[in-house]
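[1] Quick one, fold the following:
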Amino acid sequence: MRPGVMRCITSIALVVAVGLVVAAPAAGFAVSGQQVPKSAVKYKMKGDLLGKFKITKFRLIRDAPVFKAKGRERFNGCIDSDRDRSCDGEVTGRLFFKFRYWARFEDGDQLELGTCAHRVTGGKDGFAGATGFLMMVDTPNGSPVGFKTHYEAEINLGLNAKPNQPRPC
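    Below is the predicted model:
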């Protein structure tokens, strides 16, 4: 093979390799757990997401036959990647979401089923540059609020995500 051709192939291979490194995705986490209501707009996240979740904007689109709404939310906490129920040593910060909610209610405002989709719109601190989505399902149960909420999510961290430092004992 001629030296000029070999040099060209080597250069192309180097450019492709550098492009793959630069385009490599940041750390991604598949997370799941429960969201526990504390008020009409504040929730506690349990499971792989630990922290506080708050509805910051809510707009009713339609209330019948299917209840539809949209809005914005904020999560303040961490991804519990080592599942020790602590944010020590974990990536910690704020995540921001836009959501869409759909629900069907029986007579007397009893929830039959609810579901929502939450797109990550940004983040701060350890979640700066984060992307992803969060899906939730509300199902009726005998609790005081009348339902339980399960979530599943894919959270992709920004390239500069750094774990929180452990707290001293």
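
[2] ok, now which ones touch residue 43?
    When contacts are counted by Cβ atoms under 8 Å, 6 or more residues apart in numbering, residue 43 is found next to 35, 36, 37, 52, 53, 54, 149. Any C-beta I mention is one placed from the backbone N, CA and C, and that applies to glycine too.

[3] Let me know the helix or strand that the fourth one is in.
    In other words, residue 52. Counting by DSSP states H and E, the secondary-structure element that holds residue 52 is strand 49-62.

[4] same question, the first one
    Residue 35 is part of strand 28-37, with elements assigned from DSSP H and E.

[5] Okay, angle between the next helix or strand after that strand and strand 28-37 too, please.
    Scanning forward in sequence from strand 28-37, with DSSP H and E defining helices and strands, the next element found is strand 42-47. When axes from the mean of the first three to the mean of the last three Cα atoms, to 10 degrees is applied, the directions of strand 42-47 and strand 28-37 differ by 130 degrees.

[6] Can you list the strands that strand 42-47 pairs with?
    strand 28-37 (antiparallel), strand 49-62 (antiparallel) (DSSP bridges).

[7] Compile those strands into JSON lines and extend it with columns for distance to residue 130, mean pLDDT and mean neighbour count.
    What follows is the strands paired with strand 42-47, written out as JSON lines (distance: least, Cβ to Cβ, whole Å; pLDDT from 0 to 100; neighbours: other Cβ atoms under 10 Å):
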{"stretch": "strand 28-37", "distance to residue 130": "10", "mean pLDDT": "94", "mean neighbour count": "15"}
{"stretch": "strand 49-62", "distance to residue 130": "12", "mean pLDDT": "97", "mean neighbour count": "15"}
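
[8] contact partners of stretch 134-143?
    Contacts of stretch 134-143 (Cβ under 8 Å, 6+ apart): 35, 97, 103, 110-118, 120, 146-153, 155.

[9] In strands, which of those appear?
    When strands are assigned by DSSP state E, the members of the contacts of stretch 134-143 inside them are 35, 97, 103, 111-118, 120, 147-153, 155.

[10] Are any of those residues buried, and if so which?
    35, 97, 103, 111, 114, 116, 118, 120, 147-149, 151, 153, 155 (16 or more other Cβ atoms under 10 Å).
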